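Colleague: The sequence isn't on hand, but the structure is:
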Ligand code: UT7
């Protein structure tokens, strides 16, 4: 059996930051309340031109460069998100095109749990030998679906992206086990109420039906219960016990939920990664951003056992046990990494230039067509105006002839 080892990783956080004090100027809240109830201090907000597709591309470019791979080396792209650029097309295909990859791509929606679902899917493709290199991304531009007048939700969320390259290998490293769960009977607790069931109408928009709505207390209860259970199940499936776990990387929704889950598992907080203070809840991007930061801070060492665990809309939950092991990457590959990085960068720049040029050509063509259309209309009316006296005269003759 093949294992899916994580050989590349990258994250992207928009430069724009919204602090708790900023929020206190917008809604009836305070820094003290937000910190005490959630642990959040700041969150990053997508700026103009930043979307799920563009942020995914940034995180993916970093992950590919770290893996020493080119976009063309990818066999599949999985993008977990609840806030794609459009309903249709899937943002995953936009990312595939912007990267210049030549492979299948699909979008996955499992709420905040999406990234772990994506990792499990990648592992399934790899373990069967179908694919070798899979890009798994978790990205959200959730700020665009948030009601900025609803203090119960707007203080919680942030935007960002995280991506990993999962590569087939023979050694038991990478994803060792995973658990996926869903309980749709709790769907109403976390939802954006538009779609085929409730189409967008001016009335729906006026009632704020297009915003993310949440029953915080219910989600809190569900989360504290499910996080510990899912993690324990994945650990046991990997043939391990809790003492084998070096680092728990939980979904960053609320520090109190994380602490309760750790207590439930009997895991000390120094074995739990927390970065909620900086990003808030970035939904499907939260676990990959946390993973990347844990790696950057040297908290994932060769041979370490990580447990990723999340929950979210659906309601869904998922956990995966990952054995960290990157250094078995062929030495030659790391030598070529800077070259691959430069090629990736050049490829992306070229691709962006092509897209911009393509858009400009299309716009110019439309303008020409518009102008040509107008010229034809003007010529037609001029011709009609010129011919009108003639028509009138012919009509008069005709009427006179008939009378005679
Ligand atoms: O990724 C998954 C998505 N969501 C989650 O994981 C969210 C899970 N739930 C939570 O994290 C928590 O339930 C919240 C952070 C949303 C709320 O914390 P809580 O401790 O459960 O507060 P609460 O809902 O019980 O509300 C307590 C009070 C209420 O006032 P009253 O009724 O006691 O007078 C709220 O109106 O706090 C009030 N409140 C606020 N006050 C200041 C609610 N939001 C705010 C706010 N600022 N932003």
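Modeller: Looks like it arrived, so ask away. The structure displayed is predicted, hence computed values, not measured ones.

Colleague: Check the separation of the first and last residues in stretch 94-110.
Modeller: One end of stretch 94-110 sits 20 Å from the other (CA to CA, to the nearest Å).

Colleague: by contact count, what packs against the strand or helix carrying residue 226?
Modeller: Assigning secondary structure by DSSP states H and E places residue 226 in helix 216-237. Counting contacts by 3 or more CB pairs under 8 Å, 6 or more residues apart in numbering; DSSP states H and E, helix 216-237 packs against strand 174-182, strand 247-250, helix 255-265, strand 305-312, strand 316-323. C-beta here means a position set from N, CA and C on the backbone, and glycine is covered the same way.

Colleague: To the ligand, which of the ones you listed lies closest?
Modeller: strand 305-312 (4.8 Å; CB to the nearest ligand atom).

Colleague: Can you pull up the residues of the stretch 1-150 of the chain that come close to the ligand?
Modeller: Neighbours of the ligand within the stretch 1-150 of the chain, by CB under 6 Å from any ligand atom: 29, 33, 37-38, 112.

Colleague: 8 Å - rerun?
Modeller: Residues of the stretch 1-150 of the chain lying near the ligand by CB under 8 Å from any ligand atom: 23, 27-30, 33-34, 37-38, 111-112.

Colleague: Got a ChimeraX select line for the buried ones in those?
Modeller: Listed next is the ChimeraX selection for buried residues among these, using 16 or more other CB atoms under 10 Å:
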select :23,29,34,37,38,111,112
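
Colleague: Was I right to think residue 192 contacts residue 212?
Modeller: Yes - assessed by CB atoms under 8 Å, residue 192 is found in contact with residue 212 at 5.2 Å.

Colleague: residue in the protein nearest to the ligand?
Modeller: residue 216 (2.9 Å).

Colleague: ok, that residue to residue 133 distance?
Modeller: As judged by CB to CB, to the nearest Å, residue 216 and residue 133 stand 40 Å apart.

Colleague: same deal with residue 90?
Modeller: 20 Å.

Colleague: Likewise for residue 13?
Modeller: 25 Å.

Colleague: cool, and residue 186?
Modeller: Taking CB to CB, one finds residue 186 at 36 Å from residue 133.

Colleague: One more: residue 78?
Modeller: 12 Å.

Colleague: if you count what's nearby, which of these two comes out ahead?
Modeller: residue 78 (26 against 22; other CB atoms under 10 Å).

Colleague: I'd like to know the beta-bridge partner residues of that one.
Modeller: residue 106, residue 136 (DSSP bridges).

Colleague: That one contacts residue 109, doesn't it?
Modeller: No - if you go by CB under 8 Å, residue 78 and residue 109 don't touch, sitting 11.4 Å apart.

Colleague: Surely residue 233 and residue 318 touch.
Modeller: No - Residue 233 lies out of contact with residue 318 (CB under 8 Å); the separation is 10.4 Å.

Colleague: Overlap of the contact sets of these two?
Modeller: Residues touching both residue 233 and residue 318 (CB atoms under 8 Å, 6 or more residues apart in numbering) are residue 179.

Colleague: who's more crowded, these two?
Modeller: Using other CB under 10 Å as the criterion, residue 233 and residue 318 rank with residue 318 on top: 30 against 18.

Colleague: Quick check: phi and psi on the nearest residue in space to that one that is not next to it in sequence?
Modeller: Distances taken as CB to CB, 6 or more residues apart in numbering place residue 116 nearest to residue 318, at 3.7 Å, with adjacent residues excluded. When read as degrees, to the nearest 10, the backbone of residue 116 gives phi -70, psi -40.

Colleague: What count of nearby residues applies to the closest residue to residue 208 other than its chain neighbours?
Modeller: In space, and not counting its chain neighbours, residue 208 is closest to residue 147: 5.6 Å by CB to CB, 6+ apart. Other residues near residue 147 come to 15 when the count uses other CB under 10 Å.

Colleague: Please give me every residue in contact with residue 147.
Modeller: Counted by CB under 8 Å, 6+ apart, residue 147 has contacts 153-154, 208, 211-213.

Colleague: Just the residues you listed: which are in strands?
Modeller: 212-213 (DSSP state E).

Colleague: Tell me the buried residues within the contacts of residue 147.
Modeller: Listed as buried from the contacts of residue 147 are 153-154, 211-213; burial here means 16+ other CB under 10 Å.
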